[in-house]
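Asks: Sequence first, predicted coordinates after that:
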Amino acid sequence: MGSHDDPDLKARNEANSCYCLKDQGFSCFKSGVLNMEPCKRSEALPKGAPIALSFPHFYQADPSFLSAVSGLSPNKEKHQFYVDIAPDYGFPLAIRPRFQLNAIIKRDTDIDMMSNLLKN
């Protein structure tokens, strides 16, 4: 889930550039978290639903996400997405989907509790 502009060339994934639409007013996130807002646009929600997708506990995400939240312990055995495919037929024998939906919360000066949030 590397971002399209990750400085680590091993983590970089150009195919994920569609989750970073700065020119259309959407936020771009570092590797490991995909901004789903552009995917959830509608007439009622022209800016999309404020949702980001990651592995649980920000497993394999940029370390800045993990340091921003206390109490997380990423663990490969618990948090990786796993699919076992039958090599002869190509159908899944076992699947263990793991993901985390994150609410994108932004500064809002009209709401006291959210008025002091850092700008991204």
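Replies: In hand now; what should we look at?

Asks: where does the residue nearest the centre of the chain land on pLDDT?
Replies: Residue closest to the mean C-alpha point of the chain, counted by C-alpha atoms, centre = their mean, is residue 33 at 2.1 Å. Looking at residue 33, its pLDDT reads 94.

Asks: My read is that it contacts residue 60, right?
Replies: No: counting by C-beta atoms under 8 Å, residue 33 stays clear of residue 60, with 10.3 Å between them. C-beta: built from backbone N, CA, C; applies to glycine.

Asks: Are there residues contacting both of these two? Which ones?
Replies: Listed contacts common to residue 33 and residue 60 are residue 1; contacts here mean C-beta atoms under 8 Å, 6 or more residues apart in numbering.

Asks: quick one: contacts for the residue nearest to the centre of the chain?
Replies: 1, 52, 53, 54, 58, 61, 62, 65, 102.

Asks: Equivalent analysis for residue 116, please.
Replies: By C-beta under 8 Å, 6+ apart, the neighbours of residue 116 are residue 107.

Asks: Phi, psi for it please.
Replies: The phi/psi pair for residue 116 (degrees, to the nearest 10) reads phi -100, psi 10.

Asks: again with residue 79
Replies: Dihedral angles (degrees, to the nearest 10) for residue 79: phi -120, psi 0.

Asks: Might you report the residue contacts of residue 50?
Replies: Going by C-beta under 8 Å, 6+ apart, residue 50 touches 37, 103, 104, 105, 106.

Asks: How much space separates the nearest residue to residue 15 once chain neighbours are set aside from residue 48?
Replies: Leaving aside its sequence neighbours, residue 15 sits nearest to residue 4 (C-beta to C-beta, 6 or more residues apart in numbering; 7.5 Å). For residue 4, the distance to residue 48 (C-beta to C-beta, to the nearest Å) stands at 18 Å.

Asks: who's more crowded, these two?
Replies: Per other C-beta atoms under 10 Å, whichever of residue 4 and residue 48 has more neighbours is residue 48, with 18 against 15.
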